[in-house]
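*Asks:* model this:
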Amino acid sequence: DALATAADASVVIAAIGFATNLRDLLRSPRDSDGDGLPPGVELVREKVRRLVWMGGRARPVWSIHPPEWNFAACGGEASCGPYSQLGEITNVTLDEWPAA
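*Replies:* Okay, the predicted model is just below:
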């Protein structure tokens, strides 16, 4: 509700940590309770002015400088249990985020 009631282009999101909630926001459907809220990606496009992301190297050359944890988790092929998908979630979120 906080995002939906914010003034247009007034919200700055500071993304610190895992991107699961932001990905889920982008993929959220139109509310089914009849309040008329748009799908998540449209809500972001309308309300969010800026996304500030904490992280280091996002898409570096693996052999020289590996990506930072939020962008690659445990390194793609290695398994780090429930954290193995975090890099993919972060990169999908950035790819799906509406352009300014």
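*Asks:* going forward, measure contacts and count neighbours with C-alpha atoms only.
*Replies:* Will do.
*Asks:* lowest average confidence, helix or strand, in the chain?
*Replies:* Every helix and strand in the chain was compared by mean pLDDT, DSSP states H and E; the lowest is helix 69-72, with a mean of 76.
*Asks:* now it, how far from the chain's geometric center?
*Replies:* Centroid displacement of helix 69-72 relative to its chain, using Cα atoms, centre = their mean, to the nearest Å, is 12 Å.
*Asks:* go through it and flag the buried ones.
*Replies:* By neighbour count on 16 or more other Cα atoms under 10 Å, the buried set for helix 69-72 is 69-72.
*Asks:* export the residues you listed to JSON lines and tack on distance to residue 12?
*Replies:* Putting the buried residues of helix 69-72 into JSON lines (distance: Cα to Cα, whole Å) gives the following:
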{"residue": "69", "distance to residue 12": "23"}
{"residue": "70", "distance to residue 12": "20"}
{"residue": "71", "distance to residue 12": "21"}
{"residue": "72", "distance to residue 12": "24"}
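*Asks:* closest to residue 20 out of those?
*Replies:* residue 70 (11.0 Å; Cα to Cα).
*Asks:* which residues are in contact with that closest one?
*Replies:* By Cα atoms under 8 Å, 6 or more residues apart in numbering, the contact set of residue 70 is 17-18, 55, 86-87, 90.
*Asks:* buried subset of those as a PyMOL selection?
*Replies:* A single PyMOL command selects the buried members of the contacts of residue 70 (16+ other Cα under 10 Å):
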select buried, resi 18+86+87+90
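*Asks:* a markdown table for the contacts of residue 70, including distance to residue 8 and secondary structure?
*Replies:* Output for those, formatted as a markdown table (distance: Cα to Cα, whole Å; DSSP: H, G, I helix; E, B strand; the rest coil):
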| residue | distance to residue 8 | secondary structure |
| --- | --- | --- |
| 17 | 26 | coil |
| 18 | 26 | coil |
| 55 | 27 | coil |
| 86 | 30 | helix |
| 87 | 30 | helix |
| 90 | 25 | helix |
